[in-house]
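J.: Quick one: sequence and predicted model below, then my questions.
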Amino acid sequence: MADAQTNGWLKPQAMYRFFPAQGDGNDILIYDPADRKTVIKKFTFPRQAVEPFLCLADFLKPVDSGIMDTVGFLVVTAGNGTREQAEKWKESGDYLRSHALLATALEVAEGMAERVHQIMRDNWGFPDPADMTMKQRFGARYQGIRVSFGYPACPDLEDQGPLFELMKPEDIGVQLTEGFMMEPEASVSAMVFAHPDARYFNVDKA
């Protein structure tokens, strides 16, 4: 880790943003922050076919409530220096250091995502309890959830497209490939919900 920082292989960067939003059936409508009557993006998510029939759109105030809600997005990256150095070590036969550097970069990105989510909870007005441990934090023992596209509750990687259009993470060096994967690989993007009953689930089962 020290070598990675000293040599500039790890260059962590992060961004997050809140948007006015509402749920509409299985859709999440994202509104223009400057004009809360104008929908600028729509995400459509699958719903469980069995009880409790959950869908991510359930964790936002519905359109027919007349109440505007808020959803967040985050993008973090460990930087693009690790891949190049790891390849150099791999080519020279130093597989252990190559693997260790890539693994470290992934852990740094995940840790940053957790930290940024904590900052977002603070800004939302429900900070973590003062006595919360890191183990509890990494176990998601807090209000709200952050979900990444491609995972059980939101399996469609193509949702990265509108996320990138909203966030423009190219500003911190994160690019989207034609297959909707992020480069650098050691990057995390997520949609963040504040609902007190929000929880992780798999759309394929209860």
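T.: Arrived safely. Residues are numbered from 1 along each chain as shown.

J.: Could you look up the next helix or strand downstream of the longest helix along the chain?
T.: When the chain is parsed with DSSP state H, its longest helix is helix 95-124. As assigned by DSSP states H and E, the chain's next helix or strand after helix 95-124 is helix 134-138.

J.: average pLDDT for the very next helix or strand once past that next one?
T.: As assigned by DSSP H and E, the chain's next helix or strand after helix 134-138 is strand 145-147. The average pLDDT for strand 145-147 rounds to 97.

J.: Pull out the buried positions in the following helix or strand past strand 145-147.
T.: Using DSSP H and E, the helix or strand that follows strand 145-147 in sequence is helix 160-167. Within helix 160-167, the residues that count as buried by 16 or more other CB atoms under 10 Å are 160, 162, 163, 164, 167. Placement of C-beta: from N, CA and C, glycine included.

J.: Return the closest of those with respect to residue 121.
T.: Within the buried residues of helix 160-167, proximity to residue 121 (CB to CB) peaks at residue 167, which comes in at 18.6 Å.

J.: so where's the chain shaky on pLDDT?
T.: 1-7, 205-206 (pLDDT under 70).

J.: just to revisit the earlier point, check which helices and strands the longest helix of the chain sits against.
T.: Here helix 95-124 touches helix 2-6, strand 13-24, strand 69-77, helix 81-91, helix 134-138, strand 187-193, going by 3 or more CB pairs under 8 Å, 6 or more residues apart in numbering; DSSP states H and E.
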